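Novice: I would like the atomic coordinates for the input below:
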Amino acid sequence: MMRYLTGPTARNTALACTLAILGAAPAGAQQSDAPVRAAPPETAAPAPVPQPTGLSESVAAVVNDDIISTYDLGQRMRLLIATSGIQPTQENLPQFQREALISLVDETLQFQELRRVEREQKIDIVAEDEEVFEEIDGMAQQNNMSRDQFIGYLTSRGISPETLKDQIRANISWGRWIQGRYGSRLRVGDDQIAATQALLAAQAAKPQYAISEVLIDANRVGGLQQAMAGAQQLVAQMQQGAPFPAVARQFSALPTAANGGDAGWVSPGEVPAEVAGVLEQMRPGQLSQPIAVKDGVYIVYLREKRAGGATTLVSLKQAAVPLAQGASAEDEAAARAKLVALKPQIKDCATIEATAGTVAGVIGGDLGEAEVSDLAPQFREAAEKLDVGQISDPIRTTAGLHLVAVCGRRNAGQAQVDKDQIERRLRGQQLSMIARRYMRDLRNSATIEQK
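Specialist: This next block holds a predicted model:
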């Protein structure tokens with residue numbers, strides 16, 4: 001599957017923080033037919049977030065001599081709880097604590113790396129306050145608030161504005177560095193694009209799934225066992241009503257986290273084989289149990305499912321002369337002559353309608369996309385024989401005479417993705433892999449002591 005940068009970008013941080021602060025609404029059924037909550041209402045407010053217990057004001061962790069305090073940890077837990085839509089309990093508070101600490105450790109490593117690069121290369125990377133406040137303004141607008149109202153709301157929940165600002169600053173700065181260092185170096189070859197086009201074509205006849213996804217990165221959380229335990233807790237929380245998009249934004253290691261886990265329509269070949277096998281057994285509206293894969297543990301929510309097929313769809317345009325069924329031979333000959341003379345003047349599908357409009361009595365039109373098997377027999381024959389971009393000779397129907405142009409052809413279920421879109425996706429996939437490896441290397445080389 002095509003991926004993008006690991007974790008939410010700066011702009012999507014705003015979305016992450018506006019989703020669950022105001023609550024969420026039901027939208028479907030999970031594997032146990034319990035409701036999956038997928039989107040927030042405009043006015044609902046969650047119950048107050050409790051103060052995490054068991055945390056005294058001291059040192060929570062030391063990352064290469066930089067201290068993460070228990071105050072910082074408690075603040076990040078509050079922000080995580082408020083933006084995930086999960087109701088805190090004594091059972092899940094340890095999971096929130098682990099996730100909050102992992103996030104703070106990662107951000108500390110990122111800032112250390114960015115400051116090192118700034119010193120050595122004498123460049124500015126870390127985001128300024130102006131950029132951070134621009135993101136906060138976006139969050140406030142999403143919640144129909146002013147900046148001051150939004151900050152006041154966070155404060156009323158016991159969340160320091162500095163906690164949110166630190167998270168935003170890290171997201172902006174790290175995304176900028178990854179893009180700046182590696183973006184210009186990536187090259188996507190024509191062979192890669194062709195291979196992707198071939199994959200899309202080959203998958204067109206297979207079932208298609210509209211899914212949302214979460215991946216708990218085993219390397220990030222300390223191993224597959226920890227990833228599985230965390231995923232099981234998240235599934236339980238979503239079965240109790242936690243909104244999938246909010247959970248994905250806060251816990252998923254996939255780039256789709258920025259979009260609430262929405263991966264769009266995928267075919268079996270675009271997801272790990274273990275996930276494809278589970279999707280085959282699911283019904284729309286179901287939430288999977290945790291699925292162990294190479295890099296961690298997946299959770300998928302199947303929104304819709306459609307059958308693939310070998311049905312061919314064609315996009316047609318025409319230039320036509322209206323002519324009654326009982327028209328005289330002379331009238332039909334005159335209409336045919338008009339279209340025969342017009343055909344060489346039509347350069348391509350984009351100009352057929354305008355060119356037809358230059359000839360008196362000729363009408364141009366877009367016939368849209370249709371299955372070849374559903375076309376009238378005369379049009380079906382042309383659609384089957386012509387290549388894309390070719391134009392038929394005049395075709396007689398009960399409505400008149402027609403020049404028909406085939407402007408596109410695809411298999412049913414095959415997404416229409418052009419070369420530029422594929423190139424952007426492949427670049428995003430490569431950047432995502434680089435960003436995850438970069439963070440893995442920073443963690444492996446760091447001295448991290450948890451108190």
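Novice: Start from the N-terminal end of the stretch 101-250 of the chain and give the helices.
Specialist: 129-142, 147-156, 161-182, 190-203, 218-221, 224-239, 244-251 (DSSP state H, counting those that start in this stretch).
Novice: Output the below-cut-off pLDDT ranges for the stretch 351-451 of the chain.
Specialist: 411-418 (pLDDT under 70).
Novice: switch to 80 and redo it
Specialist: 410-422, 424-425, 428-429, 432, 451 (pLDDT under 80).
Novice: Tell me the gap between stretch 191-209 and the middle of its chain.
Specialist: Distance, stretch centre to chain centre, for stretch 191-209: 18 Å (C-alpha atoms, centre = their mean, to the nearest Å).
Novice: Equivalent analysis for stretch 231-250, please.
Specialist: On the basis of C-alpha atoms, centre = their mean, stretch 231-250 sits 18 Å off its chain's mean C-alpha point.
Novice: rewinding a little: got a markdown table for the helices of the stretch 101-250 of the chain, with mean neighbour count and distance to P377 too?
Specialist: All C-beta spots, glycine's among them, are computed from the backbone N, C-alpha and C. What follows is these, written out as a markdown table (neighbours: other C-beta atoms under 10 Å; distance: least, C-beta to C-beta, whole Å):
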| stretch | mean neighbour count | distance to P377 |
| --- | --- | --- |
| helix 129-142 | 16 | 54 |
| helix 147-156 | 15 | 63 |
| helix 161-182 | 20 | 54 |
| helix 190-203 | 14 | 28 |
| helix 218-221 | 21 | 58 |
| helix 224-239 | 19 | 52 |
| helix 244-251 | 28 | 48 |
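Novice: For Q390, find the nearest of those.
Specialist: Of all the helices of the stretch 101-250 of the chain, helix 190-203 sits nearest to Q390, with 20.5 Å by C-beta to C-beta.
Novice: if we can go back for a sec, right, and the helices of the stretch 101-250 of the chain - which one's nearest Q112?
Specialist: So among those, helix 161-182 is nearest, using C-beta to C-beta, at 11.3 Å.
Novice: for the closest one, packing partners?
Specialist: Secondary-structure packing of helix 161-182 (3 or more C-beta pairs under 8 Å, 6 or more residues apart in numbering; DSSP states H and E): helix 10-19, helix 70-84, helix 93-121, helix 129-142, helix 147-156, helix 419-445.
Novice: quick one: it to helix 419-445, angle?
Specialist: 110 degrees (axes from the mean of the first three to the mean of the last three C-alpha atoms, to 10 degrees).
Novice: Lowest average confidence across the helices and strands packed on helix 161-182, which one?
Specialist: Set side by side, these give their lowest mean pLDDT on helix 10-19, at a mean of 36.
Novice: circling back: do you know which of the helices and strands packed on helix 161-182 lies nearest A335?
Specialist: helix 419-445 (39.7 Å).
Novice: Give me the angle between that closest one and helix 93-121.
Specialist: 100 degrees.
Novice: in helix 419-445, what counts as buried?
Specialist: Under the neighbour-count criterion of 16 or more other C-beta atoms under 10 Å, helix 419-445 has 422-423, 425-432, 434-436, 438-439, 442-443 buried.
Novice: what's V126 sitting at in phi/psi?
Specialist: phi -60, psi 130 (degrees, to the nearest 10).
Novice: Kindly state the pLDDT recorded for it?
Specialist: At V126, the pLDDT recorded in the model is 95.
Novice: So it sits against L114, correct?
Specialist: Yes. Using C-beta atoms under 8 Å, V126 is in contact with L114, at 5.5 Å.
Novice: How much space separates G260 from P284?
Specialist: The gap separating G260 from P284 is 18 Å, by C-beta to C-beta, to the nearest Å.
Novice: These two: who's more crowded?
Specialist: G260 (23 against 14; other C-beta atoms under 10 Å).
Novice: How much space separates that one from Y153?
Specialist: 21 Å.
Novice: and G364, what is it in contact with?
Specialist: K317, Q318, A319, A320, I352, E353, A354, T355, A356, G357 (C-beta atoms under 8 Å, 6 or more residues apart in numbering).
Novice: Which among these count as buried?
Specialist: Buried among those (16+ other C-beta under 10 Å): K317, Q318, A319, A320, I352, E353, T355, A356.
Novice: quick one: which of the residues you listed sit in helices?
Specialist: Under the assignment DSSP state H, the buried ones among the contacts of G364 contribute I352, E353, T355, A356 to helices.
Novice: Which pair of these spans the longest distance?
Specialist: E353 and T355 (7.3 Å).
Novice: about what we covered before: between V126 and L114, point out the one with more neighbours.
Specialist: L114 (21 against 18).
Novice: ok, that one to T163 distance?
Specialist: From L114 to T163 the distance is 19 Å (C-beta to C-beta).
Novice: can you check N259 too?
Specialist: From N259 to T163 the distance is 24 Å (C-beta to C-beta).
Novice: Next, work out how far apart V271 and W265 are.
Specialist: 11 Å.
Novice: Can you give me the end-to-end span of stretch 301-312?
Specialist: Between the start and the finish of stretch 301-312 there is a gap of 29 Å, counting by C-alpha to C-alpha, to the nearest Å.
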